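>>> Here is my input, please return the structure:
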Amino acid sequence: MARTPESRPNHRGTLVAVICLVTVVFDGYDLIVFGTTIPSLLAYEPWSLDAAQLGVIAGYAMIGMLLGTLLSGFATDLLGRRRLFLACATWFSLCMLGCALAPSSWVFALFRLLSGIGLGGILPTAIALTVEFAPPNRRNFFSAVMSSGFSAGSIVASLLGIAVLESHGFRPMFAFGVLPLVLIVPIAWRVLPESIDFLVAKGRLAEAREVAARYGKTVPEPVSAADDAGIGTLLKPPFRRVVAVFAAACLIGQLFIYGLGTWLPQIMRSAGYPLGSALQFLTAMSVGAIAGAAVMSWTADRIGPRRVAFTGFLIGVAALVVLSLNPPTAVLYVAVALAGVGANGTAVILNGFIATWFPAQVRASALGTIMTVARFGGILGPLLGGWIVAAQVPAQWNFYVFLLPVALGAVFVLLLPRTRSSVPAPHNAVSTV
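Presented below is the predicted three-dimensional model:
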């Protein structure tokens, strides 16, 4: 029996995933580096910042990410996924350099806001490209491995902080974020393909066929603009309720990731650990996230992502309970690693779930819409953490504040559908968002 193009072995899609992975490593680094530098920023006398102010600055980056995720949907329609990917990587690299050179706290805060715009456009674009060019039966795995680059970036931020912060302060940590402009953008410019769906939607059929032939993909049928499926389709049955539940679950995931990830080094520092040890806890959380995402994605390809995401949130609840009990240091490291599984690992599974549940016609629109709503969790998480730290309440409240939302996240996952088999595709359209 002749095999279809997508059934033939083709490793070019792996290269797409690798480029996206390395870029997302820097995406994770650029976000989490702020948490690693909080102790240094608090100690930086010229700016005289306190925990509440730093919580607000952390929120600025999340506001920027919300704007970036929202704008990426419209920008993709104009630029295509490839050009948007390159533009976002260039933008956040330059803004990180601005943070490193900032002469005052308000300029620093401004560049954190601006960098968030670039960072917000990277992940949905990277997920959409990775899933589109991945082997059909490995999409959860490819998406999860690529998305786990965020956690790898957290590890880089933690290890670099251990080596740099005490002797050189926070500025070199942000200057490191300019590297994507030098290392990734030139390579991506040469080898990253444009989305086949985008090319077909724009009527560039010859280019679409050429890309499809190189990557072993099929070319979808072109459709009229009247039949095109985008954000409007997501606001109608049968997608409306599913979008709302996905958005709520992802919002809680973002709250957990950015709330605990931003403030964990300072929480551990306040508990009496030196700066190096406090940053090691963030490393443990990131290692747990990577290992959890790998195991969970492998499992999701076999039993489905819904049950895996539900289990992930339960692991997060258990980890927070253990952390609140002030256990011995060895147990503490294990609990922090499991918190990484429950936070980042679960978020990776949810992203892959979105990308594989929604049909190709609305996949990019669904990712962009849901991630835009979820960014509000990324704004609220650091603010909650900053308020709790500034209030100087007993240490366990640093973990209690996330406990109820994470438990609620498990409930939202249970409301997600088990299968899309009964959901009809919206016409035969191609998403251009």
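>>> which residues of the stretch 101-250 of the chain fall in helices?
With DSSP state H, counting those that start in this stretch as the criterion, the stretch 101-250 of the chain has helices at 105-133, 139-147, 149-168, 171-175, 179-183, 185-191, 196-201, 205-215, 231-234, 240-270.
>>> Mean pLDDT added to those, as JSON lines?
Listed next are the helices of the stretch 101-250 of the chain as JSON lines, based on pLDDT from 0 to 100:
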{"stretch": "helix 105-133", "mean pLDDT": "88"}
{"stretch": "helix 139-147", "mean pLDDT": "77"}
{"stretch": "helix 149-168", "mean pLDDT": "85"}
{"stretch": "helix 171-175", "mean pLDDT": "93"}
{"stretch": "helix 179-183", "mean pLDDT": "89"}
{"stretch": "helix 185-191", "mean pLDDT": "91"}
{"stretch": "helix 196-201", "mean pLDDT": "82"}
{"stretch": "helix 205-215", "mean pLDDT": "86"}
{"stretch": "helix 231-234", "mean pLDDT": "70"}
{"stretch": "helix 240-270", "mean pLDDT": "86"}
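>>> Can you redo those helices as CSV, where the extra columns are mean neighbour count and distance to residue 314?
Using the backbone N, CA and C atoms, a C-beta is placed for each residue, glycine as well. As requested, the helices of the stretch 101-250 of the chain are exported to CSV (neighbours: other Cβ atoms under 10 Å; distance: least, Cβ to Cβ, whole Å):
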stretch, mean neighbour count, distance to residue 314
helix 105-133, 25, 24
helix 139-147, 26, 18
helix 149-168, 21, 19
helix 171-175, 18, 34
helix 179-183, 16, 35
helix 185-191, 13, 38
helix 196-201, 24, 36
helix 205-215, 16, 38
helix 231-234, 18, 29
helix 240-270, 24, 13
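>>> so can I have a markdown table of these showing distance to residue 321?
Listed next are those as a markdown table, based on distance: least, Cβ to Cβ, whole Å:
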| stretch | distance to residue 321 |
| --- | --- |
| helix 105-133 | 29 |
| helix 139-147 | 26 |
| helix 149-168 | 22 |
| helix 171-175 | 32 |
| helix 179-183 | 38 |
| helix 185-191 | 43 |
| helix 196-201 | 44 |
| helix 205-215 | 46 |
| helix 231-234 | 36 |
| helix 240-270 | 14 |
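>>> Show the pLDDT at residue 425.
Note for residue 425: predicted pLDDT of 50.
>>> quick one: which of the helices of the stretch 101-250 of the chain is nearest residue 290?
Distance to residue 290, taken as Cβ to Cβ, is lowest for helix 149-168 among the helices of the stretch 101-250 of the chain, at 4.7 Å.
>>> how big is the angle separating that closest one from helix 240-270?
20 degrees (axes from the mean of the first three to the mean of the last three Cα atoms, to 10 degrees).
>>> other SSEs contacting helix 149-168?
Contacts defined by 3 or more Cβ pairs under 8 Å, 6 or more residues apart in numbering; DSSP states H and E place helix 149-168 against helix 12-43, helix 171-175, helix 275-303.
>>> what's next to that helix, contact-wise?
20-33, 35-37, 39-40, 123, 172-173, 176, 261, 265, 275-276, 279-280, 282-283, 285-287, 289-290, 293, 340, 344, 348 (Cβ atoms under 8 Å, 6 or more residues apart in numbering).
>>> three-state assignment of residue 62?
Three-state call for residue 62 (DSSP: H, G, I helix; E, B strand; the rest coil): helix.
>>> quick one on the thing from earlier: among the helices of the stretch 101-250 of the chain, which is nearest residue 330?
The closest of the helices of the stretch 101-250 of the chain to residue 330 is helix 240-270. By Cβ to Cβ, the value is 14.5 Å.
>>> which SS class is residue 417?
Here residue 417 is recorded as coil under three-state DSSP.
>>> Residue 348 contacts residue 297, doesn't it?
Yes - assessed by Cβ atoms under 8 Å, residue 348 is found in contact with residue 297 at 6.8 Å.
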